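Chemist: give me a model of this one.
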Amino acid sequence: MKKLSILFGVFLLICSNIQIAHAENANAPIHWGFKKSKDGNGADAGKVLEKILEKHSAFYKGDPDKKYLYLTFDNGYENGYTEQILDVLKKEKVPATFFVTGHYLESADDIVQRMVDEGHIIGNHSWYHPDLTKVSDERLKEELEKVRAETEAITGQKGMAYLRPPRGIFSERTMALAKELGYTHVFWSLAFVDWYTDQQKGAQYAYDNIMRQAHPGAIMLLHTVSKDNADALEKVIQDLKKQGYQFKSLDDFVLRHNLKEEMLY
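Modeler: Below is the predicted model:
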């Protein structure tokens with residue numbers, strides 16, 4: 001009997017260690033990255049990352065056979081260029097999604113209101129912009145809920161569907177938890193280093209980087225703090241339209257994806 005008790009204790013210890021190891025592995029930080037598009041061929045994050053995204057209903061690019069583009073912006077703080085960007089979007093009738101932080105909501109609520117008034121989507125970029133893999137489940141929930149609640153208080157927007165993890169860092173744990181809260185992780189397939197405000201290189205630099213990477217189904221990530229982006233955006237949109245591209249919203253992306261899934265089944 002004593003031996004059985006010892007063996008049972010050992011068994012429980014092994015199971016406990018396995019569970020701990022599994023939990024730690026599930027929260028192993030993953031840094032988003034991909035092979036950039038070239039000559040119109042889609043960006044490629046690789047099978048491992050794509051499998052993780054598929055498991056959690058996340059996405060980073062759309063249908064490679066449709067010349068649709070999805071314009072998204074990360075708004076950590078206001079640097080004086082977002083209204084110029086909104087002017088261009090309004091003129092060109094282009095929808096966008098703006099992923100905002102708590103700081104942005106508190107310091108630029110009038111601009112957030114304008115985004116919603118002009119038909120754009122507000123996404124969640126967390127309240128304090130932490131590495132979400134380093135915070136507890138409860139803190140993660142608070143980070144997201146504060147952004148959702150403040151956005152609703154400012155704009156009346158009910159609900160929030162899209163999440164972009166700060167710094168592009170995530171884990172299976174954070175993805176699963178966000179999905180439970182009703183969020184879809186939105187990554188990107190077109191981006192460049194545009195967020196250093198003291199290292200802007202001119203509108204042509206932004207234009208060249210965007211046009212070089214454009215591909216059917218691209219989810220474009222730009223930062224609104226960039227003067228280069230603001231100055232280049234109108235020509236970027238006009239020239240991409242000339243190439244036959246259409247700009248769609250993330251809601252449209254999800255609708256098309258769901259319809260495609262239904263047709264498969």
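Chemist: so which residues of the protein form helices?
Modeler: With DSSP state H as the criterion, the chain has helices at 2-26, 47-55, 82-92, 102-107, 109-117, 137-155, 172-180, 203-213, 227-242, 250-264.
Chemist: reformat these as a markdown table; add mean pLDDT, mean neighbour count and distance to residue 166.
Modeler: Yep, even glycine has a C-beta here, placed from its N, CA and C like the rest. Listed next are the helices of the chain as a markdown table, based on pLDDT from 0 to 100; neighbours: other C-beta atoms under 10 Å; distance: least, C-beta to C-beta, whole Å:
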| stretch | mean pLDDT | mean neighbour count | distance to residue 166 |
| --- | --- | --- | --- |
| helix 2-26 | 45 | 10 | 19 |
| helix 47-55 | 96 | 13 | 17 |
| helix 82-92 | 98 | 17 | 19 |
| helix 102-107 | 98 | 18 | 11 |
| helix 109-117 | 98 | 17 | 18 |
| helix 137-155 | 98 | 17 | 9 |
| helix 172-180 | 97 | 18 | 10 |
| helix 203-213 | 98 | 18 | 22 |
| helix 227-242 | 98 | 19 | 19 |
| helix 250-264 | 79 | 13 | 18 |
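Chemist: wait, which of the ones you listed is closest to residue 219?
Modeler: helix 250-264 (7.9 Å; C-beta to C-beta).
Chemist: which stretch among the helices of the chain comes nearest residue 161?
Modeler: helix 250-264 (7.7 Å).
Chemist: circling back: can I get the helices of the chain in TSV with distance to residue 194?
Modeler: Rendered in TSV, the data for the helices of the chain read as follows (distance: least, C-beta to C-beta, whole Å):
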stretch	distance to residue 194
helix 2-26	32
helix 47-55	22
helix 82-92	12
helix 102-107	17
helix 109-117	19
helix 137-155	23
helix 172-180	25
helix 203-213	6
helix 227-242	6
helix 250-264	20
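Chemist: so which of these is nearest residue 39?
Modeler: Per C-beta to C-beta, nearest to residue 39 of those: helix 203-213, 9.0 Å.
Chemist: other SSEs contacting the closest one?
Modeler: With contacts taken as 3 or more C-beta pairs under 8 Å, 6 or more residues apart in numbering; DSSP states H and E, helix 203-213 sits against helix 227-242.
Chemist: out of the helices of the chain, which is closest to residue 162?
Modeler: Smallest distance to residue 162 across the helices of the chain (C-beta to C-beta): 5.8 Å, for helix 250-264.
Chemist: residue contacts, residue 160?
Modeler: Residues near residue 160 by C-beta atoms under 8 Å, 6 or more residues apart in numbering: 122, 123, 124, 144, 147, 148, 151, 182, 183.
Chemist: and it, how far from residue 104?
Modeler: 14 Å (C-beta to C-beta, to the nearest Å).
Chemist: please apply the same query to residue 139.
Modeler: From residue 139 to residue 104 the distance is 19 Å (C-beta to C-beta).
Chemist: over to residue 96?
Modeler: 15 Å.
Chemist: residue 225 against residue 85, yeah?
Modeler: No: if you go by C-beta atoms under 8 Å, residue 225 and residue 85 don't touch, sitting 10.6 Å apart.
Chemist: any idea how far residue 230 lies from residue 96?
Modeler: 13 Å.
Chemist: over to residue 74?
Modeler: 11 Å.
Chemist: distance between stretch 181-198 and the chain's centre?
Modeler: 5 Å (C-alpha atoms, centre = their mean, to the nearest Å).
Chemist: export that stretch to PDB, keeping only CA atoms.
Modeler: What follows is stretch 181-198, C-alpha atoms only, in PDB (Å, rounded to 0.1, in the frame of the first residue of the first chain):
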ATOM      1  CA  LEU A 181     -12.900  37.700 -25.300                       C
ATOM      2  CA  GLY A 182     -14.200  38.000 -28.900                       C
ATOM      3  CA  TYR A 183     -11.100  39.400 -30.600                       C
ATOM      4  CA  THR A 184      -9.500  38.400 -33.900                       C
ATOM      5  CA  HIS A 185      -5.800  38.900 -34.100                       C
ATOM      6  CA  VAL A 186      -4.900  41.000 -37.100                       C
ATOM      7  CA  PHE A 187      -1.300  40.900 -38.200                       C
ATOM      8  CA  TRP A 188       0.100  42.400 -41.400                       C
ATOM      9  CA  SER A 189       1.900  41.500 -44.700                       C
ATOM     10  CA  LEU A 190       3.300  44.900 -45.600                       C
ATOM     11  CA  ALA A 191       5.300  47.200 -43.300                       C
ATOM     12  CA  PHE A 192       8.600  49.000 -43.000                       C
ATOM     13  CA  VAL A 193      10.400  51.000 -40.300                       C
ATOM     14  CA  ASP A 194       8.300  54.100 -40.300                       C
ATOM     15  CA  TRP A 195       7.800  54.900 -36.600                       C
ATOM     16  CA  TYR A 196      11.000  56.800 -35.700                       C
ATOM     17  CA  THR A 197       9.900  60.400 -35.800                       C
ATOM     18  CA  ASP A 198      13.500  61.700 -35.800                       C
END
